[in-house]
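[1] Fold the following, please.
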Amino acid sequence: MTTTTLLAIENDVFQNIETLRRNREKRNALGQCFFEGVRNINNAIQYGWKIDAFLYTKDRRLSPWAEEILKAGKAKKHYELPLHLLRKLSEKEEPSELLAVASLPKDDLTRIPLSKNLFVVVFDRPSSPGNLGTILRSCDAFGVDGVIITGHAVDVYDPETIRAATGSIFALPIVRMESHKELLPWFEKIRRHNGDFQIIGTDEKGTAPLFDCTFTRPTVLLVGNETRGLSAAYLELCDTLAKIPMQGSASSLNVACATSIALYEMQRQRGVVAK
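    Numbering: from 1, shown residues only. Next up is the predicted model:
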């Protein structure tokens, strides 16, 4: 671990990190993401993410937590910078004590364990960082084994998505795939491994009430784009197309809300006892 003091001017290191924060192409090219906050940093360390750098300032006193994180040497580099530059990088009105840069995990389906009680969520073409982050948070809360994001989608490593996920992005295997086609061999692998396996899609025009679906089997839950829903290709893959029975004038639910309801029903059926 090395410590570098950045000058008061916006030098190359600062510019690179600032671009990483706001530019998706830069994140993908470098294989890195930017984040801040106690819960995000604690989870990134707890779940074994490779921390490339911590950024902080000595223009204000660091808490014992921040001092301990820096002392533990979990990052390859430490950048000490003036407070006004820390404020420029931070997404918050009052910047966090520590900002972080980490290496992205590989988009590899083998990161999702094929357990006998497998439950995976596939989110096709999410367009809202807030919805995606909220779904990741719910997936973490309800014990989902992994999340797959397909198609032209909002960036899972956008700081807005990370903020909405409140640390859960670091606790889940999350894999990005170009389309459903990359998942077909994996679905067959699950069938060979588990035997009893189902794909359930969610749609307001579904024919099966959600609460009549059996979630005790190994399951992949398909969730569609906020506006267009599931693609025709995904609809053809579904063994069951589920809907949430509703009353009142609302024709549909927000995708994050609907997915959370489905995950709660899965957990209820599986008899999971809350900690």
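[2] Can you list the residue ranges for helices in the stretch 101-250 of the chain?
    Here the stretch 101-250 of the chain has its helices, by DSSP state H, counting those that start in this stretch, at 129-141, 159-165, 184-194, 232-237.
[3] Mind putting these into CSV with mean pLDDT and mean neighbour count?
    Yep, even glycine has a C-beta here, placed from its N, CA and C like the rest. Listed next are those as CSV, based on pLDDT from 0 to 100; neighbours: other C-beta atoms under 10 Å:
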stretch, mean pLDDT, mean neighbour count
helix 129-141, 97, 22
helix 159-165, 95, 22
helix 184-194, 92, 14
helix 232-237, 94, 14
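[4] nearest to residue 29, of these?
    helix 159-165 (16.8 Å; C-beta to C-beta).
[5] That closest one packs against which elements?
    strand 32-36, helix 129-141 (3 or more C-beta pairs under 8 Å, 6 or more residues apart in numbering; DSSP states H and E).
[6] State the distance from residue 112 to residue 175.
    7 Å (C-beta to C-beta, to the nearest Å).
[7] Between these two, which contacts overlap?
    146, 148 (C-beta atoms under 8 Å, 6 or more residues apart in numbering).
[8] And residue 199, how far from residue 252?
    21 Å.
[9] go on, residue 29?
    From residue 29 to residue 252 the distance is 37 Å (C-beta to C-beta).
[10] circling back: okay if I get the helices and strands packed on helix 159-165 as a markdown table plus distance to residue 185?
    Formatted as a markdown table, the helices and strands packed on helix 159-165 follow (distance: least, C-beta to C-beta, whole Å):
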| stretch | distance to residue 185 |
| --- | --- |
| strand 32-36 | 28 |
| helix 129-141 | 23 |
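[11] Tell me which of those lies nearest to residue 93.
    strand 32-36 (12.5 Å).
[12] List the buried residues for the very next helix or strand once past the closest one?
    The C-terminal neighbour of strand 32-36 among helices and strands, as given by DSSP states H and E, is helix 38-46. Neighbour-count burial for helix 38-46, counted by 16 or more other C-beta atoms under 10 Å, picks out 40, 41, 43, 44, 45.
[13] Chain neighbours aside, what residue packs nearest to the last one?
    Translated: residue 45. Among residues not flanking residue 45 along the chain, residue 74 sits closest, at 5.5 Å (C-beta to C-beta, 6 or more residues apart in numbering).
[14] That neighbour and residue 46 touch, don't they?
    No. Residue 74 lies out of contact with residue 46 (C-beta atoms under 8 Å); the separation is 10.6 Å.
[15] For the residue nearest to residue 45, report the pLDDT, please.
    Confidence at residue 74, expressed as pLDDT, is 87.
[16] List the contacts of it.
    45, 51, 54.
[17] and the last one, backbone torsions?
    As for residue 54, its main-chain torsions (degrees, to the nearest 10) stand at phi -110, psi 140.
[18] begin at 607 from here
    Shifting the count to begin at 607 puts that one at residue 660.
[19] Now it. Nearest residue, chain neighbours left out?
    Using C-beta to C-beta, 6+ apart, the closest residue to residue 660 is residue 681 (4.6 Å).
[20] Wait, the one you found touches residue 655, no?
    No. Using C-beta under 8 Å, residue 681 is not in contact with residue 655, being 10.6 Å away.
[21] returning to that earlier point: so which of the helices and strands packed on helix 765-771 is nearest residue 815?
    helix 735-747 (20.2 Å).
[22] Look at residue 607 and report its pLDDT.
    Residue 607 is assigned 58 on the pLDDT scale.
[23] tally of neighbours for the residue nearest to residue 660?
    24 (other C-beta atoms under 10 Å).
[24] list the contacts for it?
    Contacts of residue 681 (C-beta under 8 Å, 6+ apart): 607, 657, 658, 659, 660, 706.
[25] gap between it and residue 658?
    For residue 681 relative to residue 658 (C-beta to C-beta), the value is 6 Å.
[26] Equivalent analysis for residue 762, please.
    From residue 762 to residue 658 the distance is 18 Å (C-beta to C-beta).
[27] ok, now residue 680?
    10 Å.
[28] which residues touch stretch 653-670?
    By C-beta under 8 Å, 6+ apart, stretch 653-670 touches 623, 638, 650-651, 672, 675-676, 680-689, 691-692, 695, 703-709, 711, 776-777.
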